[in-house]
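Asker: Return a 3D structure for these sequence lines:
(one chain, ligands or ions: 2)
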Amino acid sequence: MTLKLGIPSKGRLMADTMDWFPTRGITLEKTGADREYAARAVGIEGLDLLLLSASEIPRELARGRLHFGVTGTDLIHERLAPVEAFVAEEAKLGFGQADLILAVPMAWTDVRTAHDLDAVAAQFRAAHGHRLRIATKYHRLTRAWLKEQGVADYQIVDSQGATEGTVAAETAEAIADITSTGETLTANHLRPLDEPPILQSQATLWRSLTAMLSDEEQAALDRFRVKLGL
Ligand SMILES: Nc1ncnc2c1ncn2[C@@H]1O[C@H](COP(=O)(O)OP(=O)(O)OP(=O)(O)O)[C@@H](O)[C@H]1O
Ligand SMILES: O=P(O)(O)OC[C@H]1O[C@H](OP(=O)(O)OP(=O)(O)O)[C@H](O)[C@@H]1O
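Answerer: Numbers count the residues shown, from 1 in each chain. Ligands and ions are numbered 1, 2, ... in the order given. Below is the predicted model:
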């Protein structure tokens, strides 16, 4: 058996990951056809490279099917609890920075803080016949943050993409999502609450704490960490 490293299979996160490893002496190369999810690592023995969905990497690390994985802090914290039971952070990679925030319509000029949101949420059900809806794919992190802030009268609406569009589509009144430049929020007439982010995320290299290791894999793991200067 060989050591398994999972990296995001598409987009900026994959490109930036492929640029980061050569700076540490390991080259990651796509192999096969253009759209084939196949790749290999050059410059290190006994390391299999797997291209996976960024959002599935946390689960594969937790199940011990990957020894190492690159994905965002947001996805790890959303999907694994407690994080430290499943993975150890090996290196922050310095890209993929984004904040998980809660945003409301720009027109809600008097909703600036979590406290304001709580006041609106409390009145919302009486006025509209249903609880205030918050669209997000970050269910766990959003619920935990709202609880901490004392906001109770809301419901989560699942949104796996184009979350900023849900307010205009009238399937939610507020959203919790990742933002970096803020352009998507502005374009969709949304504004983050004046609160620190729910979570600050960046692309990170994680090591599985649950993967069983043969002697051979342990040796490959040690070589990998030394090569990366970890
Ligand atoms: N605008 C952004 N700027 C910086 N990082 C971002 C941005 N949007 C998403 N990310 C980060 O990229 C990572 C992966 O996000 P992405 O949405 O591509 O995953 P995914 O949709 O789960 O992937 P897949 O479609 O393969 O399942 C997350 O950790 C996220 O924080
Ligand atoms: O603040 P900004 O720079 O505008 O970036 C924010 C956007 O980036 C991400 O979407 P992405 O395109 O990665 O896909 P998604 O909608 O599937 O999450 C995120 O979900 C926001 O929609």
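Asker: can you map out the strands along this structure?
Answerer: Along the chain, the stretches classed as strands by DSSP state E are 3-8, 27-30, 39-42, 47-52, 68-72, 87-92, 98-105, 132-136, 154-158, 174-179, 190-192, 199-201, 203-208.
Asker: what's the burial count for the residue nearest to residue 217 when sequence neighbours are not counted?
Answerer: Leaving aside its sequence neighbours, residue 217 sits nearest to residue 3 (CB to CB, 6 or more residues apart in numbering; 5.4 Å). No exception for glycine: its C-beta is placed from N, CA and C like everyone else's. For residue 3, the count of nearby residues is 26 (other CB atoms under 10 Å).
Asker: I figured residue 3 hits residue 220, correct?
Answerer: Yes. Assessed by CB atoms under 8 Å, residue 3 is found in contact with residue 220 at 4.2 Å.
Asker: Could you pull out the residues contacting both of the two?
Answerer: Residues touching both residue 3 and residue 220 (CB atoms under 8 Å, 6 or more residues apart in numbering): 46, 47.
Asker: tell me which residues in whichever helix in the chain runs longest are buried?
Answerer: If you go by DSSP state H, the chain has its longest helix at helix 114-128. Within helix 114-128, the residues that count as buried by 16 or more other CB atoms under 10 Å are 114, 116, 117, 118, 120, 121, 124.
Asker: contacting residues around the third one?
Answerer: With CB under 8 Å, 6+ apart as the criterion, the residues that contact residue 117 are 102, 104, 111, 149, 151, 174, 193.
Asker: end-to-end on stretch 48-61?
Answerer: End-to-end distance for stretch 48-61, by CA to CA, to the nearest Å: 14 Å.
Asker: Buried residues, it. List them.
Answerer: 48-52, 54-61.
Asker: same question, stretch 3-21
Answerer: Quick answer for stretch 3-21 (16+ other CB under 10 Å): 3-9, 13-14, 16-18, 20-21.
Asker: Equivalent analysis for stretch 72-90, please.
Answerer: Buried residues in stretch 72-90 (16+ other CB under 10 Å): 72-80, 83, 86-87, 90.
Asker: My understanding was that residue 47 contacts residue 219; is that so?
Answerer: No. Residue 47 is beyond contact range of residue 219, at 11.6 Å (criterion: CB under 8 Å).
Asker: what sits against the residue nearest to residue 168 when sequence neighbours are not counted?
Answerer: Sequence neighbours aside, residue 188 is the residue nearest to residue 168 in space, at 6.4 Å (criterion: CB to CB, 6+ apart). For residue 188, the contact set (CB under 8 Å, 6+ apart) comprises 164, 165, 167, 168.
Asker: Once you drop chain neighbours, what's closest to the third one?
Answerer: Closest residue to residue 167 in three dimensions, ignoring its sequence neighbours and counting by CB to CB, 6+ apart: residue 105, at 5.9 Å.
Asker: Okay then, goodbye and thanks.
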